[in-house]
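okay, here's the prediction I keep looking at, along with the sequence it came from:
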Amino acid sequence: MYQKIKTATASPIAMVSQKVRDFGMLVKFKLNLTVVFSAVMAYLIAATGETNWLAIGILALGGFCVAGAANALNQVLERDFDKLMKRTADRPLATGRMTVADAVLTAGLMSIIGLMLLALFNPWASFFGVMALLSYAFLYTPMKRISPAAIAIGAFPGALPMLIGCVAFQGELTSLAFALFALQFFWQFPHFGAISWLGFEDYQKAGFRFVATKNGDRDKSIGLQGALYALCLIPVGLIPFFTGITGIVSAVSLTLIAIAYAWFGWNLYRQNDRKAAMQLMFSSFFYLPLALVVLWLDKV
């Protein structure tokens with residue numbers, strides 16, 4: 001009898017817990033936090049005077065909602081393909097734990113809330129929020145099944161959080177806004193190159209063609225392209241220094257970590273194995289937060 005009561009009591013809790021987990025998977029919670037981090041750090045780098053924590057909170061929530069809506073729409077459009085890949089087979093839409101109607105409703109509500117919050121700053125912030133949402137869900141998502149050019153297309157909405165964070169404070173497009181946008185834009189190529197190398201078989205099963213191939217296998221140039229794009233981060237990282245926003249410490253630091261990032265790309269090109277791809281992926285996890293923190297701490 002006690003066991004029956006215990007099971008009956010635990011059941012609703014388990015159901016709620018599953019709903020929460022499904023929501024987190026739908027909006028890609030962990031990935032979403034990196035989007036929020038980028039936007040907030042861009043705001044802090046651009047900000048002058050006393051820190052406005054309320055504004056930062058609004059920006060974080062607005063950015064989270066817009067990115068969450070884009071991720072939800074992405075999964076709505078790819079639900080049938082997600083079933084075919086090991087890493088995405090347990091997503092709520094792929095398994096049927098969540099209906100398409102619920103996912104679209106969630107995306108709609110989050111997009112409205114997110115864009116309204118961004119509009120509290122200025123029209124530019126809201127405009128770039130709309131651009132990020134639409135280009136990610138309706139341009140990048142279908143392009144993944146057509147061409148490796150999807151990575152370049154996806155890098156655009158992927159870098160917009162930096163632009164949003166910067167214009168949220170400055171209210172206009174500046175050299176700093178473009179520099180931070182370019183920083184995240186170029187950073188994505190080695191990052192997604194490593195991910196595409198590691199997930200190649202899964203992507204092939206689902207019919208995604210955004211991984212460069214040669215003779216039916218991974219194109220060895222993935223690592224070389226990653227190295228070249230990483231080197232582009234050197235001049236981009238120097239823009240804040242030459243425009244008088246940051247000092248020599250960040251200029252030197254960003255140059256060194258960009259060289260290290262490029263080396264891991266070059267190593268993937270030479271070795272062309274899983275270990276090198278893992279090293280490049282993990283180096284990408286360190287590069288962006290390190291670069292942004294250094295820029296913030298070295299503001300003149």
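Alright, I've got the coordinates. Numbers count the residues shown, from 1 in each chain.

give me the pLDDT value at Ala67.
The model reports Ala67 with a pLDDT of 96.

contacts only, for the nearest residue to it once chain neighbours are set aside.
Here the nearest residue to Ala67 in space, its sequence neighbours aside, is Val35; by CB to CB, 6 or more residues apart in numbering that works out to 4.3 Å. (C-beta placed from N, C-alpha, C; glycine too.) Neighbour list for Val35: 63-64, 67, 161 [criterion: CB atoms under 8 Å, 6 or more residues apart in numbering].

nearest to Ala14, of these?
Using CB to CB, Phe64 is the member of the contacts of Val35 that sits closest to Ala14, with 26.0 Å.

so Tyr229 sits against Phe186, correct?
Yes: the pair Tyr229 / Phe186 is scored as a contact, 5.0 Å apart, by CB atoms under 8 Å.

by contact count, what packs against the helix or strand that contains Met278?
Secondary-structure element containing Met278, defined by DSSP states H and E: helix 274-297. Contacting helix 274-297 under the criterion 3 or more CB pairs under 8 Å, 6 or more residues apart in numbering; DSSP states H and E are the following elements: helix 29-46, helix 175-198, helix 221-242, helix 248-271.

compare those helices and give me the one nearest Leu105.
Between Leu105 and these, the shortest gap by CB to CB is with helix 29-46, which sits at 18.3 Å.

and after the lowest-mean-pLDDT helix or strand in the chain, which helix or strand comes next?
Taking mean pLDDT, DSSP states H and E as the measure, the chain has strand 213-214 as its least confident helix or strand, at a mean of 70. Sequence order places strand 217-218 as the next helix or strand after strand 213-214, per DSSP H and E.

give me whichever of the helices and strands packed on helix 274-297 is most buried.
Mean neighbour counts were compared across these using mean count of other CB atoms under 10 Å; the top stretch is helix 175-198, at a mean of 23.

what's the angle from that one to helix 248-271?
20 degrees (axes from the mean of the first three to the mean of the last three CA atoms, to 10 degrees).

pLDDT of helix 175-198, averaged?
Per-region confidence: helix 175-198 scores 94 on mean pLDDT.

so what's Gly165 closest to, chain neighbours aside?
Ala42 (3.1 Å).

from memory the one you found sits against Ala159, does it?
No: in this structure Ala42 lies outside contact range of Ala159 using CB under 8 Å: 10.2 Å.

which elements pack onto whatever helix or strand Ile151 lives in?
If you go by DSSP H and E, Ile151 is part of helix 150-170. Applying 3+ CB pairs under 8 Å, 6+ apart, one finds that helix 150-170 contacts helix 29-46, helix 53-82, helix 123-135, helix 141-143, helix 175-198.

from the chain's centre, how far out does that helix sit?
Mean-position distance between helix 150-170 and its chain equals 9 Å (CA atoms, centre = their mean, to the nearest Å).

can you show me the CA trace of that helix as CSV?
Taking Å, rounded to 0.1, in the frame of the first residue of the first chain, the C-alpha atoms of helix 150-170 are listed here in CSV:
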residue,chain,number,x,y,z
ALA,A,150,25.4,26.4,-44.5
ILE,A,151,28.3,26.9,-42.1
ALA,A,152,29.0,30.4,-43.5
ILE,A,153,25.3,31.2,-43.5
GLY,A,154,24.8,30.0,-40.0
ALA,A,155,27.8,32.0,-38.8
PHE,A,156,25.8,35.2,-39.5
PRO,A,157,23.0,34.6,-36.9
GLY,A,158,25.6,32.9,-34.7
ALA,A,159,27.5,36.1,-34.4
LEU,A,160,24.5,38.5,-34.1
PRO,A,161,24.4,38.1,-30.2
MET,A,162,27.6,40.2,-30.1
LEU,A,163,26.1,42.8,-32.3
ILE,A,164,22.9,42.9,-30.2
GLY,A,165,24.8,43.2,-27.0
CYS,A,166,27.0,46.1,-28.3
VAL,A,167,24.2,48.1,-29.9
ALA,A,168,22.0,47.6,-26.8
PHE,A,169,24.3,49.9,-25.0
GLN,A,170,25.7,52.1,-27.8
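
now that helix against helix 175-198, angle please.
Taking the same axes, to 10 degrees, helix 150-170 and helix 175-198 form an angle of 150 degrees between their directions.

per-residue confidence averaged over helix 150-170?
For helix 150-170, the mean confidence score works out to 94.

can you check what angle separates that helix from helix 274-297?
Compare the direction of helix 150-170 with that of helix 274-297 by the same axes, to 10 degrees and you get 20 degrees.

any weak-confidence spans in the stretch 201-300 of the chain?
212, 214-216, 300 (pLDDT under 70).
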